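S.K.: Structure for this input, please:
(2 chains)
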Amino acid sequence: ETGVTQSPTHLIKTRGQQVTLRCSSQSGHNTVSWYQQALGQGPQFIFQYYREEENGRGNFPPRFSGLQFPNYSSELNVNALELDDSALYLCASRVLAGVGDTQYFGPGTRLTVL
Amino acid sequence: GDSVTQMEGPVTLSEEAFLTINCTYTATGYPSLFWYVQYPGEGLQLLLKATKADDKGSNKGFEATYRKETTSFHLEKGSVQVSDSAVYFCAPGGSGNTPLVFGKGTRLSVIA
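M.R.: This is a model prediction of the structure:
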């Protein structure tokens, strides 16, 4: 148990739709990162939020956006869904304090785009 | 950018066999190094980590040593169990604004 939860567990959408995924971090964790894990691949970094502001982004288009709230929850929004967006989406939270910060992952949301 | 190379799986071992999963990385600066494990249908769990050269991370019988000169962080376990069957990810980074960088992972299957 990492204390990080995600909802929903599974989601099915159709191409062109929009989706919002949610993450609840451990209390006190000021940083949340989102990763996309395609089937059979390792997680790929989407972006990171620190104290409610984006402070790092991977190679993902602007239709991937996020929010972080003061109550340690966060969202990942994806607009204009494409078939290749089908993946497991993982959030990870931590206290951004310096070297060796441990990121604690949630169980993920499995998104299927038809 | 940072990258990691892990041995391709799947790796199939008999129970009580010795395990080595090789991991080498390229990174700017001086990253922390992590091993995460993913059981079927679950998210990632931290297995162990090391933050500086020659540090040895260990947990649940698994060990890995931060080798700066060879940019490696190989995972070892002396005697694997069926319950160790999972996918293992080596990942440099994770400090400050630097994200974790994952390879494709190595799938381990342990048979009784």
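
S.K.: check whether stretch B:35-53 contacts chain A.
M.R.: Yes: under the criterion of Cβ under 8 Å from any Cβ of the partner chain, chain A is reached by stretch B:35-53 at B:36, B:42-46, B:49, B:51-52. For glycine as for every other residue, the C-beta is placed from the backbone atoms N, C-alpha and C.

S.K.: Show the contacting residues for the residue nearest the centre of chain A.
M.R.: Central residue of chain A (Cα atoms, centre = their mean): A:W34, 3.0 Å from the mean position. Neighbour list for A:W34: A:23, A:45-48, A:66, A:74, A:76, A:89-92 [criterion: Cβ atoms under 8 Å, 6 or more residues apart in numbering or on different chains].

S.K.: same question, A:S25
M.R.: For A:S25, the contacting residues are A:3-4, A:32, A:72-74, A:91, A:93, by Cβ under 8 Å, 6+ apart.

S.K.: what do you get if the cut-off is 6 Å, keeping everything else the same?
M.R.: A:S25 is in contact with A:4, A:32, A:72, A:93, counting by Cβ atoms under 6 Å, 6 or more residues apart in numbering or on different chains.

S.K.: Quick check: which of the residues you listed has the minimum pLDDT.
M.R.: pLDDT across the contacts of A:S25 is lowest for A:Y72, at 86.

S.K.: burial measure for that one, as a count.
M.R.: 18 (other Cβ atoms under 10 Å in any protein chain shown).

S.K.: who in chain A is up against chain B?
M.R.: Residues of chain A lying near chain B by Cβ under 6 Å from any Cβ of the partner chain: A:41-43, A:45, A:55-56, A:90, A:99-103, A:105-108.

S.K.: which one of those sits closest to B:M7?
M.R.: A:G42 (13.5 Å; Cβ to Cβ).

S.K.: Wait, the closest one touches B:G105, no?
M.R.: Yes: A:G42 is within contact range of B:G105, at 5.2 Å (criterion: Cβ atoms under 6 Å).
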